[in-house]
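Chemist: My questions are about this predicted structure, shown below with the sequence.
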Amino acid sequence: MDARQVEQVLAHLCGKGLFGDVRQWCESRFDCVYVVTCPDCGCRFVLSEAEYSELVERSSALQVCGVLPGRCEVRMPYPRPPSLG
Ligand SMILES: [Zn+2]
């Protein structure tokens, strides 16, 4: 896991005192990433599950910026085609 990615997200959002918009993207059941979007400029950060949980942990310690644990929306961008069933 790359801790610097977590630092970057925090530095970006906390520089503006914002909470990012979080989406969970899953290509398959065990292949999920978290996309944090900055509500101000729209830039996006992609985090692994481990990075995301570290981000949540550090955000809840800060309480003023970062991400909110309850604000994760689950999305399935690639629904399984019927032919693979
Ligand atoms: Zn931004």
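Modeler: Great, that's in hand. Numbers count the residues shown, from 1 in each chain.
Chemist: Please compute how far stretch 38-50 lies from its chain's middle.
Modeler: 6 Å (C-alpha atoms, centre = their mean, to the nearest Å).
Chemist: That one and the ion in contact?
Modeler: Yes. Judged by C-beta under 5 Å from the ion, stretch 38-50 comes into contact with the ion at 38, 40-41, 43. Backbone N, C-alpha and C define where each C-beta goes, glycine included.
Chemist: Of these - the most surrounded one?
Modeler: Neighbour tally across the residues of stretch 38-50 next to the ion (other C-beta atoms under 10 Å): the maximum, 18 neighbours, falls on Cys38.
Chemist: Which residues outside stretch 58-71 are in contact with it?
Modeler: 6, 9-10, 13-14, 16-22, 36, 52, 55-56 (C-beta atoms under 8 Å, 6 or more residues apart in numbering).
Chemist: and the residues you listed, which of them are in helices?
Modeler: Members of those lying in helices (criterion: DSSP state H): 6, 9-10, 13-14, 52, 55-56.
Chemist: Distance to Leu62 added to those residues, as a markdown table?
Modeler: Shown next, in a markdown table, are those (distance: C-beta to C-beta, whole Å):
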| residue | distance to Leu62 |
| --- | --- |
| Val6 | 12 |
| Val9 | 12 |
| Leu10 | 8 |
| Leu13 | 10 |
| Cys14 | 7 |
| Tyr52 | 15 |
| Leu55 | 10 |
| Val56 | 11 |
